[in-house]
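Asks: generate coordinates for the sequence data below:
(2 chains)
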2 protein chains.
Amino acid sequence: VFPPDTPVGRIGEKALLRHIRARIAAGPGVVVGLGDDAAVVETGPVTLVTTDSLVEGIHFRREWGPANLVGRKALAVNLSDIDAMGGVPRYATVSLCLPADAPFGFVEGLYDGLLARAGETGVQLVGGNVSGTADSIVVDVTLLGHGDRLLRRSGARPGDVALVTGTLGAAAMGLRLLGEGKRITTVGEAGQALRHCLTAQLDPAPPLGFGDAVARGHLAHAAIDLSDGLSGDLRAVCEESGVAAWVDGDALPIDPAVAILERERSGDPTALAIHGGEDYQLLLAAAPEDVPALRDLAARMNVPLTRVGGFTEGEPAVSLRTASGVVPLAARSHEHFGGRG
Amino acid sequence: VFPPDTPVGRIGEKALLRHIRARIAAGPGVVVGLGDDAAVVETGPVTLVTTDSLVEGIHFRREWGPANLVGRKALAVNLSDIDAMGGVPRYATVSLCLPADAPFGFVEGLYDGLLARAGETGVQLVGGNVSGTADSIVVDVTLLGHGDRLLRRSGARPGDVALVTGTLGAAAMGLRLLGEGKRITTVGEAGQALRHCLTAQLDPAPPLGFGDAVARGHLAHAAIDLSDGLSGDLRAVCEESGVAAWVDGDALPIDPAVAILERERSGDPTALAIHGGEDYQLLLAAAPEDVPALRDLAARMNVPLTRVGGFTEGEPAVSLRTASGVVPLAARSHEHFGGRG
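Replies: A predicted model of the protein is given here:
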């Protein structure tokens, strides 16, 4: 082991990879773990695959918080995708790009978080690659899962109810707070709402297992995870399903901490709940007659579930209904190139 | 479609992803392709997984050649890993990090290369992610494969023969030539040796299918693909297998173009063949009695195969035997952090 401030460039790629491999034990289903040309894992007749990266300067900054939260989030955003397909996460590979001056302590912390989140969810880390890069750290995770009942984006039907799990807006508020200099490590006990939003941004907690349970019970026609924001993700379901949708602006499960913090600054919590991304909650399209069973399941699994709107026939588009009328709802999603030129 | 010089930041992540998805057709084994939360693919009882990235400024430079070669190589380095395990490549996911000013034409070219190489090898692209980054392009590929007979790194035994496919040193020579300003697009017809080495570096051609055939015939005890160079990769086999190895310095299949170019500059072609990386050929450990069958198989598949040394009992280490004696062979592998501090 090296002192935490050792630049990885001084350790070297091979030695760092050896160290990482030594931290990772083989687990259930792993025929060949890290250290060979490829990993070998036991799979079912179909395998779910998803890939998502966290890029320094775009999705995270090192000064935002401890490195283990970057590791946790890098896995969580992929866990959310597998759950939204109705699958069970199994195996992950991690491809890590590091500038030569990145400290060893960051890599240790990152793997602390990856391994902890993997342990919580029964995921085995089976592949790892370490590479150099000129400047920004990139953590790219590919996650494999099992699944025999699938929840597609394309199954929503006219007449279906739109429901979301959890609350909305806290992760987007957390991002704003980070930009204002708030840190999870320094916010005091009094700052409960701040801490909640910072945690939602830095360590997202998708309702894991709920998608799988919904799929097994045939309780929804379609699902997507809320990574880009309700407006954008609901529109994606409409496009894939060939339907229109509406959102009840007065029924949104706005995160209570977001409501408190926005009230303090005379802001609009509804906008954050509708357009703010990275909630990593599930958006479901379900037949009205399945809603009671869906509510029972959610209650048993301690997953908050709120009816937020519905699907209708029509061109793919989303409208917002409030007491003052109906307006078209444009997607204002994340665009990770960081600017539209 | 956008003009090739359009910065991707002006196109936006969603629109670019839509364009990429439209280019990729679903193929055999693909239950759900791109465009949902996760891809879904048919798999066997075991699945091989490997991941490897190409990072701009570390593994490639945009001025080195056309973007399609970056795409081809990004897949090839992973194909080589699956083949070295004795597997058959099936499905790939691509995670692409782009700075906002990267031109659309680069992305088009990259996918031209990825799709062409995938088509040549029966691989389906099933996952794609596009993300921003501050500056360097990162192409991260994860490749899944089938395989029921595995070629591990750990199976070499004392008395085994060491063999390599193809020739050695051309890719490392190509890297040196690129550093000297030589380009595949401008080298004339007369520069056949130059062109050969530049191609070896920019568009590597692993002996695909040979690893699978060797594994099916039970003709080798161990295999590794030569990505870091013979000295480093042979040492890795020794470490995993708990054996020592020796290399016959006079028997190496030095690439003829490397020999010509090194002779011109009074250099040492043997050093390039031993330490130069990225040949993406196979290094095999085989029982002496299996060598004739291995040679027959190689001849049938048009794969050059050369005996380069052997394995003995002893601490993991590699020695070099030449007419002038035996010396220890230290690994001088790639260290992709680009400097050891």
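Asks: now the helix or strand hosting A:Lys73: average pLDDT?
Replies: Under the criterion of DSSP states H and E, A:Lys73 resides in helix A:67-84. Averaged across helix A:67-84, pLDDT comes to 98.
Asks: next one: stretch A:127-138
Replies: 92.
Asks: and for stretch A:265-281?
Replies: Rounded mean pLDDT across stretch A:265-281 is 93.
Asks: then stretch A:212-231?
Replies: Rounded mean pLDDT across stretch A:212-231 is 97.
Asks: pull out the buried positions in that stretch.
Replies: A:212-215, A:219-231 (16 or more other C-beta atoms under 10 Å in any protein chain shown). C-betas here are computed from N, CA, C, even on glycine.
Asks: out of these, which touch chain B?
Replies: A:223-225 (C-beta under 8 Å from any C-beta of the partner chain).
Asks: out of the buried residues of stretch A:212-231, name the ones that lie in strands.
Replies: Under the assignment DSSP state E, the buried residues of stretch A:212-231 contribute A:222-225 to strands.
Asks: and the residues you listed as TSV, adding distance to A:Leu110?
Replies: Shown next, in TSV, are these (distance: C-beta to C-beta, whole Å):
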residue	distance to A:Leu110
A:Ala222	34
A:Ala223	29
A:Ile224	28
A:Asp225	23
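Asks: re the thing from before, and the helix or strand following the helix holding A:Lys73, what does it pack against?
Replies: Remark: after helix A:67-84, the chain's next helix or strand is strand A:88-98, criterion DSSP H and E. For strand A:88-98, the elements it packs on are strand A:39-42, helix A:67-84, helix A:104-121, strand A:124-132, strand A:138-146, strand B:46-55, strand B:138-146, judged by 3 or more C-beta pairs under 8 Å, 6 or more residues apart in numbering or on different chains; DSSP states H and E.
Asks: out of those, which is closest to B:Phe2?
Replies: strand B:138-146 (19.7 Å; C-beta to C-beta).
Asks: can you give the strand pairings for the closest one, parallel or anti for each?
Replies: strand B:46-55 (antiparallel), strand B:88-98 (antiparallel) (DSSP bridges).
Asks: right, and A:Cys52 touches B:Asn129 too?
Replies: That one is not Cys; residue A:52 is Asp. Yes: A:Asp52 lies in contact with B:Asn129 (C-beta atoms under 8 Å); the separation is 5.6 Å.
Asks: anything in contact with each of the two?
Replies: B:Ser95 (C-beta atoms under 8 Å, 6 or more residues apart in numbering or on different chains).
Asks: neighbour-wise, which of the two wins?
Replies: Neighbour count, other C-beta atoms under 10 Å in any protein chain shown: between A:Asp52 and B:Asn129, A:Asp52 has more, with 25 against 22.
Asks: just checking, next helix/strand downstream of the host helix or strand of A:Ile274?
Replies: Assigned by DSSP H and E, A:Ile274 belongs to helix A:269-275. Going down the chain from helix A:269-275, the next helix or strand is strand A:282-286, by DSSP H and E.
Asks: next, the residues that contact the following helix or strand past that next one from outside, please.
Replies: Counting by DSSP H and E, the next helix or strand C-terminal to strand A:282-286 is helix A:291-300. Applying C-beta under 8 Å, 6+ apart, the contact partners of helix A:291-300 are A:161, A:163, A:165, A:210, A:213-214, A:217, A:219-220, A:284, A:286, A:304-305, A:307.
Asks: buried residues in helix A:291-300?
Replies: Quick answer for helix A:291-300 (16+ other C-beta under 10 Å): A:291, A:294, A:297-298.
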